[in-house]
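**Q** Sequence plus the predicted model coming up.
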Amino acid sequence: MPFGALDLLAPDLPRLIAHRGLSATAPENTLAAVRAAHAAGISWVELDVQLLGDGTPVIWHDRDVKRCSNGRGRLAEMTVAEARRLDAGGWFAPGYAGEGMAGLEEMLALLVEREMGVNLELKVNRGHDPERLAEAAVPAVMAALPPHRCLLSSFDARALARCRALAGPERLALGALFKRLPGDWAAQARAVKAWSVHADWRRLDEARARAVKAAGHALVCYTANDPSAFAPRWAWGVDAVISDDPRVFDGVDGSR
(Lines give C-alpha, C1' and ligand atoms only; values in the text may rest on other atoms or scores of the structure.)
Protein backbone atom coordinates (compact mmCIF):
# COMPACT_ATOMS: atom_id res chain seq x y z
CA MET A 1 0.00 0.00 0.00
CA PRO A 2 1.52 3.39 -0.91
CA PHE A 3 2.10 5.83 1.92
CA GLY A 4 2.03 9.03 -0.05
CA ALA A 5 4.34 11.93 0.68
CA LEU A 6 4.80 11.20 4.39
CA ASP A 7 8.35 10.23 5.32
CA LEU A 8 7.45 7.09 7.27
CA LEU A 9 7.99 3.38 6.98
CA ALA A 10 4.63 2.16 5.72
CA PRO A 11 2.83 -0.71 7.45
CA ASP A 12 1.78 -3.66 5.31
CA LEU A 13 -1.84 -2.88 6.08
CA PRO A 14 -4.27 -5.45 4.68
CA ARG A 15 -7.69 -4.60 3.32
CA LEU A 16 -9.44 -6.30 6.25
CA ILE A 17 -8.62 -6.03 9.96
CA ALA A 18 -10.32 -7.86 12.84
CA HIS A 19 -11.91 -5.47 15.34
CA ARG A 20 -10.67 -6.15 18.89
CA GLY A 21 -9.54 -9.51 17.55
CA LEU A 22 -12.16 -11.70 15.93
CA SER A 23 -14.79 -10.24 18.24
CA ALA A 24 -17.68 -11.84 16.36
CA THR A 25 -16.62 -15.25 17.64
CA ALA A 26 -14.50 -14.62 20.76
CA PRO A 27 -14.45 -12.14 23.68
CA GLU A 28 -13.10 -8.82 22.47
CA ASN A 29 -9.54 -7.67 23.15
CA THR A 30 -8.47 -11.04 24.56
CA LEU A 31 -5.71 -13.42 23.60
CA ALA A 32 -8.47 -15.83 22.55
CA ALA A 33 -9.86 -13.28 20.08
CA VAL A 34 -6.45 -12.82 18.48
CA ARG A 35 -5.91 -16.58 18.28
CA ALA A 36 -9.34 -16.88 16.63
CA ALA A 37 -8.39 -14.22 14.08
CA HIS A 38 -5.18 -16.04 13.26
CA ALA A 39 -7.01 -19.36 12.92
CA ALA A 40 -9.41 -17.69 10.48
CA GLY A 41 -6.51 -16.54 8.31
CA ILE A 42 -6.70 -12.87 9.34
CA SER A 43 -3.28 -11.25 9.47
CA TRP A 44 -4.02 -8.00 11.35
CA VAL A 45 -6.09 -7.15 14.40
CA GLU A 46 -7.24 -3.88 15.93
CA LEU A 47 -6.87 -3.70 19.72
CA ASP A 48 -7.26 -1.12 22.48
CA VAL A 49 -4.65 -0.35 25.13
CA GLN A 50 -4.99 1.65 28.32
CA LEU A 51 -3.44 1.78 31.78
CA LEU A 52 -4.45 0.28 35.09
CA GLY A 53 -4.12 2.42 38.18
CA ASP A 54 -0.69 1.00 38.88
CA GLY A 55 0.55 1.94 35.40
CA THR A 56 0.33 -1.52 33.82
CA PRO A 57 -0.76 -1.35 30.15
CA VAL A 58 -3.60 -3.75 29.36
CA ILE A 59 -5.70 -4.59 26.32
CA TRP A 60 -9.14 -3.21 27.15
CA HIS A 61 -11.69 -0.83 25.66
CA ASP A 62 -14.02 0.44 28.36
CA ARG A 63 -13.33 2.78 31.25
CA ASP A 64 -14.55 0.08 33.63
CA VAL A 65 -14.78 -3.72 33.61
CA LYS A 66 -18.54 -4.19 34.01
CA ARG A 67 -19.46 -4.97 30.38
CA CYS A 68 -16.74 -7.48 29.55
CA SER A 69 -15.94 -9.27 32.80
CA ASN A 70 -17.44 -10.72 35.94
CA GLY A 71 -16.22 -7.80 38.04
CA ARG A 72 -16.85 -4.15 38.78
CA GLY A 73 -14.63 -1.12 39.02
CA ARG A 74 -12.68 1.38 36.96
CA LEU A 75 -9.39 0.48 35.36
CA ALA A 76 -7.81 3.64 36.76
CA GLU A 77 -8.40 2.30 40.27
CA MET A 78 -7.17 -1.27 39.69
CA THR A 79 -3.87 -3.00 40.28
CA VAL A 80 -2.61 -5.71 37.96
CA ALA A 81 -3.23 -8.30 40.70
CA GLU A 82 -6.89 -7.26 40.87
CA ALA A 83 -7.26 -7.25 37.10
CA ARG A 84 -5.75 -10.73 36.82
CA ARG A 85 -8.51 -12.16 39.01
CA LEU A 86 -11.22 -11.13 36.54
CA ASP A 87 -12.90 -13.51 34.14
CA ALA A 88 -12.91 -11.63 30.82
CA GLY A 89 -14.40 -14.44 28.75
CA GLY A 90 -17.39 -16.00 30.46
CA TRP A 91 -19.65 -13.03 29.64
CA PHE A 92 -19.25 -13.88 25.95
CA ALA A 93 -19.78 -17.65 26.06
CA PRO A 94 -19.29 -20.42 28.62
CA GLY A 95 -16.46 -21.91 26.59
CA TYR A 96 -14.38 -18.80 27.23
CA ALA A 97 -14.88 -18.77 30.99
CA GLY A 98 -11.59 -18.10 32.74
CA GLU A 99 -10.09 -16.06 29.90
CA GLY A 100 -8.08 -13.31 31.54
CA MET A 101 -7.52 -9.66 30.81
CA ALA A 102 -4.49 -9.49 28.52
CA GLY A 103 -1.51 -7.34 29.36
CA LEU A 104 0.17 -5.45 26.53
CA GLU A 105 3.38 -7.44 26.94
CA GLU A 106 1.72 -10.84 26.58
CA MET A 107 -0.43 -9.63 23.70
CA LEU A 108 2.63 -8.41 21.83
CA ALA A 109 4.31 -11.76 22.46
CA LEU A 110 1.33 -13.54 20.88
CA LEU A 111 1.41 -11.23 17.85
CA VAL A 112 5.11 -11.92 17.43
CA GLU A 113 4.56 -15.67 17.75
CA ARG A 114 1.77 -15.66 15.14
CA GLU A 115 3.55 -13.13 12.89
CA MET A 116 0.53 -10.82 12.95
CA GLY A 117 0.18 -7.06 12.62
CA VAL A 118 -1.73 -4.72 14.90
CA ASN A 119 -3.54 -1.41 14.79
CA LEU A 120 -3.21 -0.53 18.47
CA GLU A 121 -5.56 2.22 19.60
CA LEU A 122 -4.44 4.28 22.59
CA LYS A 123 -7.74 4.48 24.41
CA VAL A 124 -7.82 7.63 26.54
CA ASN A 125 -10.91 7.35 28.68
CA ARG A 126 -11.95 10.15 31.03
CA GLY A 127 -9.52 10.62 33.90
CA HIS A 128 -6.59 8.90 32.14
CA ASP A 129 -3.28 10.53 31.23
CA PRO A 130 -2.67 10.31 27.46
CA GLU A 131 1.06 11.02 27.67
CA ARG A 132 1.61 8.39 30.34
CA LEU A 133 -0.22 5.87 28.17
CA ALA A 134 1.94 6.70 25.15
CA GLU A 135 5.07 6.37 27.27
CA ALA A 136 4.02 2.88 28.31
CA ALA A 137 2.87 1.68 24.89
CA VAL A 138 5.32 3.09 22.36
CA PRO A 139 8.58 1.58 23.62
CA ALA A 140 6.94 -1.82 24.11
CA VAL A 141 5.45 -1.87 20.61
CA MET A 142 8.63 -0.64 18.95
CA ALA A 143 10.71 -3.26 20.76
CA ALA A 144 8.38 -6.12 19.81
CA LEU A 145 7.19 -5.45 16.26
CA PRO A 146 8.81 -4.27 13.04
CA PRO A 147 7.42 -1.05 11.55
CA HIS A 148 5.59 -2.85 8.76
CA ARG A 149 3.47 -4.76 11.30
CA CYS A 150 2.29 -1.99 13.61
CA LEU A 151 0.16 1.14 13.51
CA LEU A 152 -0.72 3.20 16.59
CA SER A 153 -3.87 5.30 16.50
CA SER A 154 -5.88 7.47 18.86
CA PHE A 155 -8.69 10.01 19.06
CA ASP A 156 -6.53 11.93 21.52
CA ALA A 157 -4.20 14.52 19.97
CA ARG A 158 -2.01 14.62 23.08
CA ALA A 159 -1.46 10.87 22.97
CA LEU A 160 -0.50 11.03 19.29
CA ALA A 161 1.84 13.96 19.84
CA ARG A 162 3.63 12.10 22.61
CA CYS A 163 3.84 8.98 20.43
CA ARG A 164 5.46 11.00 17.67
CA ALA A 165 7.92 12.61 20.09
CA LEU A 166 8.91 9.21 21.47
CA ALA A 167 9.17 7.45 18.12
CA GLY A 168 10.62 10.18 15.93
CA PRO A 169 9.49 10.94 12.39
CA GLU A 170 10.58 7.78 10.58
CA ARG A 171 10.12 4.82 12.89
CA LEU A 172 6.43 4.42 13.71
CA ALA A 173 3.25 4.94 11.73
CA LEU A 174 0.48 6.82 13.51
CA GLY A 175 -3.21 7.03 12.73
CA ALA A 176 -5.42 10.04 13.49
CA LEU A 177 -8.81 8.73 14.61
CA PHE A 178 -12.06 10.61 14.08
CA LYS A 179 -15.76 9.86 14.17
CA ARG A 180 -16.83 12.35 11.51
CA LEU A 181 -13.86 14.09 9.87
CA PRO A 182 -13.80 17.69 11.20
CA GLY A 183 -12.95 20.70 9.09
CA ASP A 184 -9.39 20.74 10.44
CA TRP A 185 -8.71 17.03 10.05
CA ALA A 186 -5.78 17.70 7.71
CA ALA A 187 -4.09 20.07 10.15
CA GLN A 188 -4.54 17.58 12.99
CA ALA A 189 -3.03 14.79 10.88
CA ARG A 190 -0.10 16.96 9.80
CA ALA A 191 0.64 17.99 13.38
CA VAL A 192 1.57 14.42 14.32
CA LYS A 193 2.83 13.34 10.89
CA ALA A 194 -0.01 10.82 10.70
CA TRP A 195 0.40 8.03 8.17
CA SER A 196 -3.30 7.18 8.19
CA VAL A 197 -6.65 8.79 8.87
CA HIS A 198 -9.39 6.67 10.46
CA ALA A 199 -13.11 7.43 10.27
CA ASP A 200 -16.47 5.91 11.15
CA TRP A 201 -17.60 4.49 7.81
CA ARG A 202 -21.20 5.62 8.36
CA ARG A 203 -20.10 9.26 8.75
CA LEU A 204 -17.66 9.40 5.85
CA ASP A 205 -18.60 11.15 2.62
CA GLU A 206 -16.94 10.80 -0.74
CA ALA A 207 -15.47 14.31 -0.85
CA ARG A 208 -13.65 13.91 2.47
CA ALA A 209 -12.50 10.41 1.58
CA ARG A 210 -10.95 11.63 -1.65
CA ALA A 211 -9.37 14.58 0.16
CA VAL A 212 -7.69 12.21 2.62
CA LYS A 213 -6.23 10.22 -0.25
CA ALA A 214 -5.16 13.35 -2.12
CA ALA A 215 -3.27 14.45 0.98
CA GLY A 216 -1.24 11.22 0.87
CA HIS A 217 -2.76 9.37 3.81
CA ALA A 218 -3.97 5.80 4.06
CA LEU A 219 -7.71 5.77 4.79
CA VAL A 220 -9.06 3.28 7.33
CA CYS A 221 -12.76 2.84 8.12
CA TYR A 222 -14.33 1.34 11.25
CA THR A 223 -16.42 -0.69 12.21
CA ALA A 224 -18.15 -2.13 9.14
CA ASN A 225 -19.99 -5.44 9.20
CA ASP A 226 -22.26 -5.07 6.16
CA PRO A 227 -20.17 -5.52 3.01
CA SER A 228 -22.99 -4.59 0.65
CA ALA A 229 -23.70 -1.29 2.40
CA PHE A 230 -20.00 -0.52 2.58
CA ALA A 231 -19.22 -1.47 -1.03
CA PRO A 232 -19.38 2.00 -2.67
CA ARG A 233 -16.69 3.31 -0.33
CA TRP A 234 -13.99 1.13 -1.84
CA ALA A 235 -14.19 3.30 -4.95
CA TRP A 236 -13.61 6.40 -2.81
CA GLY A 237 -10.11 5.12 -2.02
CA VAL A 238 -10.60 3.34 1.30
CA ASP A 239 -7.49 1.27 2.01
CA ALA A 240 -8.62 -0.88 4.94
CA VAL A 241 -11.75 -1.81 6.85
CA ILE A 242 -11.94 -2.81 10.50
CA SER A 243 -14.71 -5.36 11.05
CA ASP A 244 -15.99 -7.57 13.86
CA ASP A 245 -15.85 -10.40 11.31
CA PRO A 246 -13.71 -9.62 8.24
CA ARG A 247 -14.68 -12.95 6.71
CA VAL A 248 -18.05 -11.53 5.65
CA PHE A 249 -16.17 -9.21 3.26
CA ASP A 250 -14.30 -11.92 1.42
CA GLY A 251 -14.67 -11.37 -2.30
CA VAL A 252 -17.31 -8.66 -1.95
CA ASP A 253 -16.90 -5.53 -4.10
CA GLY A 254 -13.28 -4.49 -3.72
CA SER A 255 -12.44 -6.17 -0.41
CA ARG A 256 -9.78 -8.26 -2.11
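**A** Right, received. Where do you want to start?
**Q** all helices for this protein, in order.
**A** Along the chain, the segments classed as helices by DSSP state H run 31-39, 80-84, 104-114, 130-144, 157-167, 185-191, 206-214, 227-230.
**Q** Report all helices and strands that the second one contacts.
**A** With contacts taken as 3 or more C-beta pairs under 8 Å, 6 or more residues apart in numbering; DSSP states H and E, helix 80-84 sits against no other helix or strand. C-beta: built from backbone N, CA, C; applies to glycine.
**Q** ok, and what's touching that helix?
**A** For helix 80-84, the surrounding residues in contact (C-beta atoms under 8 Å, 6 or more residues apart in numbering) are 52, 54, 56, 58, 65, 73, 75, 100-101, 103.
**Q** Pull out the buried positions in it.
**A** Applying a neighbour-count criterion of 16 or more other C-beta atoms under 10 Å, the buried positions in helix 80-84 are 82-83.
**Q** separation between residue 213 and residue 238?
**A** Computed with C-beta to C-beta, to the nearest Å, the distance linking residue 213 and residue 238 is 9 Å.
**Q** quick check, distance from stretch 166-178 to the centre of its chain.
**A** For stretch 166-178, the distance from its own C-alpha centre to the chain's C-alpha centre is 13 Å (C-alpha atoms, centre = their mean, to the nearest Å).
**Q** Can you check which residues contact both of residue 213 and residue 238?
**A** Shared contacts of residue 213 and residue 238, defined by C-beta under 8 Å, 6+ apart, comprise residue 219.
**Q** Who has more neighbours out of the two?
**A** Applying other C-beta atoms under 10 Å to residue 213 and residue 238 shows that residue 238 carries more neighbours, namely 24 against 18.
**Q** can you pull the contacts of the more buried one?
**A** Contact analysis of residue 238 by C-beta under 8 Å, 6+ apart lists 201, 209, 219-221.
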